[in-house]
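K.L.:
sharing a sequence plus its predicted fold:
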Amino acid sequence: MSELENIIIVGAGPAGISAALYAARGNMDPLIINTGIGSLEKAEKIENYYGLEKPLSGKDLFERGLDQARALGVRILDAQVVGMGGFDTFEVKTTEGDFEARSVILATGSKRASAKIPGVKEFEGKGVSYCAVCDAFFYRDKEVAVLGNSDFALHEAEELSHTASHVTIFTDGKKPEFSRENSIDVNTMKIQAIEGDERVSGIRLKGDVSLQEAGEEVSSFEPAEGVFVALGTAGSSEMARQIGAELNEKGNIRVNEEMETTVPGLYAAGDCTGGLLQVAKAVHDGAQAGISACQYVRKLLKTEA
């Protein structure tokens with residue numbers, strides 16, 4: 001564990017950089033965890049933003065933001081966040097180590113990866129879950145599955161292994177991309193569907209093509225009483241769930257006017273809070289979150305003195 005940080009900002013897009021600029025000017029020496037470009041990568045031309053004489057690509061805007069933050073001396077760590085926890089302080093678990101902070105700002109945008117597998121949507125709340133920390137308790141001594149192929153999926157599987165009788169990661173035909181060795185069982189076959197009656201009973205896998213041509217059984221069934229979706233990287237909503245923050249009916253992080261979540265010291269900014277999905281809104285949210293986090297940390301420092 002590193003030294004206690006004042007403010008950690010997860011995400012280096014417009015919301016994250018904006019938050020960092022205000023936190024840096026507030027003398028908080030924030031740490032940005034850059035989880036990647038996100039939805040800006042899809043923006044070929046941005047021209048409806050203040051100060052742009054000519055259209056700019058999302059990638060160019062992203063790089064300019066990083067350069068601006070570095071020019072102010074903001075520290076930037078390139079890593080994926082795989083989990084969050086903590087009690088008096090926040091613990092941010094990443095592929096580059098674990099970090100502790102007095103306050104955290106979530107700004108990784110909206111969720112990019114979704115499970116387009118029959119049965120996932122139908123069994124949400126009936127065996128399909130999106131948060132191992134939140135729901136592991138309900139699967140004590142039961143067989144569970146984790147959908148995904150990244151460090152995020154591995155972290156969720158390891159979290160579940162403390163309570164479940166057995167945990168298997170299903171990659172849905174993708175190659176595992178774990179950054180470290182582990183002892184979790186991995187199944188790389190393609191998934192046909194999540195099955196069950198009133199609740200999940202298991203995963204139906206697509207059979208091997210060669211077996212199908214030979215006239216043999218073309219699918220197999222793997223029993224599981226719980227299926228945890230952990231595709232791609234952990235988004236802001238997943239991190240908020242892990243720390244106990246509320247989401248709204250659309251799955252976005254619930255925040256007040258100060259961009260504070262329902263957990264004191266935890267803030268969110270940008271697309272992950274819903275509303276207008278535009279750079280202008282993200283920058284506003286980030287600015288407010290940065291200011292609010294500074295005020296929160298200053299109050300904490302007074303009590304610690």
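P.N.:
Perfect, I can see it now.
K.L.:
quick one: residue 241 and residue 262, what's the gap?
P.N.:
Distance of residue 241 to residue 262, computed by Cβ to Cβ, to the nearest Å: 12 Å. To be clear about C-beta, it is placed using only N, CA and C from the backbone, and glycine gets the same treatment.
K.L.:
which one of the two has more residues nearby?
P.N.:
residue 241 (23 against 15; other Cβ atoms under 10 Å).
K.L.:
would you agree the more buried one falls within a strand?
P.N.:
No: Residue 241: not assigned to a strand; according to DSSP: H, G, I helix; E, B strand; the rest coil it is helix.
K.L.:
which one is it nearest to, not counting chain neighbours?
P.N.:
residue 131 (4.2 Å; Cβ to Cβ, 6 or more residues apart in numbering).
K.L.:
from what I can see residue 272 touches residue 38, true?
P.N.:
No: counting by Cβ atoms under 8 Å, residue 272 sits too far from residue 38 to count as a contact (10.2 Å).
K.L.:
name the residues contacting each of the two.
P.N.:
Residues touching both residue 272 and residue 38 by Cβ atoms under 8 Å, 6 or more residues apart in numbering: 108, 109.
K.L.:
out of these two, which sits in the busier spot?
P.N.:
Comparing residue 272 with residue 38 by neighbour count (other Cβ under 10 Å), the higher total belongs to residue 272, at 28 against 23.
K.L.:
quick one: contacts for the more buried one?
P.N.:
106, 107, 108, 109, 110, 235, 236, 237, 240, 252, 253.
K.L.:
can you classify it by secondary structure?
P.N.:
Following three-state DSSP, residue 272 is assigned to helix.
K.L.:
where does pLDDT dip in the stretch 151-300 of the chain?
P.N.:
Low-confidence segments of the stretch 151-300 of the chain (pLDDT under 70): 207-219.
K.L.:
hey, where'd the helices end up in this structure?
P.N.:
14-25, 58-71, 132-135, 151-160, 209-213, 236-243, 279-304 (DSSP state H).
K.L.:
give the buried residues for the first one.
P.N.:
Just to be clear, that refers to helix 14-25. By neighbour count on 16 or more other Cβ atoms under 10 Å, the buried set for helix 14-25 is 14, 15, 16, 17, 18, 19, 20, 21, 22, 23, 24.
K.L.:
the last one now?
P.N.:
The neighbour-count check on helix 279-304 (16+ other Cβ under 10 Å) flags 279, 281-294, 296-297, 300 as buried.
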